[in-house]
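Visitor: requesting a structural model of the entry that follows:
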Amino acid sequence: MLRRVGQWTDRNLWILPILSFLLAEIALLVYQYTVGDPLLLAKIKPENRKEIYSSLTGSSSGLLGFALAAVAIMAAFGRRSVNMQEDRQRENQLADARVGISKILLATSIFLMTILVTATVAIGIDDQKSGSFVLTSIITSSVASSLIGLLVSCAGLVLSLAERSRER
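Guide: You can find the predicted model right below:
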């Protein structure tokens, strides 16, 4: 059973950012309902919080542009024409890897866009002494999932490039 889950996850790595978002959100909800104290962004003074939200919008928009550009570049690379069966099989595997990396980057882009939109909204509405738990939890969980997605997709890209360079 565990082996099947591992194999499915290996074929569908795009699920990792989604799972990390859900796990972070559950952890934050459990903390909120057990401890109840404001945490992370909600603890910071409103004027400092707005600066952080502003910084988050810039950072997430830059990373979102990078992720979408990487997807577009990988979509432009098709399979190369090769003569030998072994080379054709390896080229098909590399093309499948590019598709998998693109899926992870698209899932990550959703969370980068969530950070961008939520932080932009928070600049305008989160001005209370104690910050909004909803905004804090959405942003924090999206940051965690974006980090996981970017790390996994970069690792996949490095492995794909290493495999490509090995053939020469």
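Visitor: for Tyr53, what are its contacts?
Guide: By C-beta atoms under 8 Å, 6 or more residues apart in numbering, Tyr53 lies in contact with Leu41, Ala119, Thr120, Ala122, Ile123, Asp126. Just so you know, the C-beta spots here come from the backbone N, C-alpha and C atoms, and that holds for glycine as well.
Visitor: Thr140: which of those is nearest?
Guide: Distance ranking of the contacts of Tyr53 against Thr140, using C-beta to C-beta, places Leu41 first at 7.3 Å.
Visitor: mind giving me the ChimeraX select for the contacts of Tyr53, buried ones only?
Guide: Selection of buried members from those for ChimeraX, criterion 16 or more other C-beta atoms under 10 Å:
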select :41,119,122,123,126
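Visitor: between which two of the contacts of Tyr53 is the distance greatest?
Guide: Farthest pair in these (C-beta to C-beta) is Leu41 and Thr120. Separation: 14.3 Å.
Visitor: can you list the low-confidence ranges for the chain?
Guide: Applying pLDDT under 70 to the chain flags the ranges 5-6, 9-10, 78-83, 85-87, 163-168.
Visitor: what about the longest helix in it?
Guide: Longest helix of the chain, by residue count under DSSP state H: helix 85-125.
Visitor: for whichever helix or strand comes after it, name the packing helices and strands.
Guide: Later in the chain than helix 85-125, the nearest helix or strand by DSSP states H and E is helix 133-166. Applying 3 or more C-beta pairs under 8 Å, 6 or more residues apart in numbering; DSSP states H and E, one finds that helix 133-166 makes contact with helix 15-34, helix 46-76, helix 85-125.
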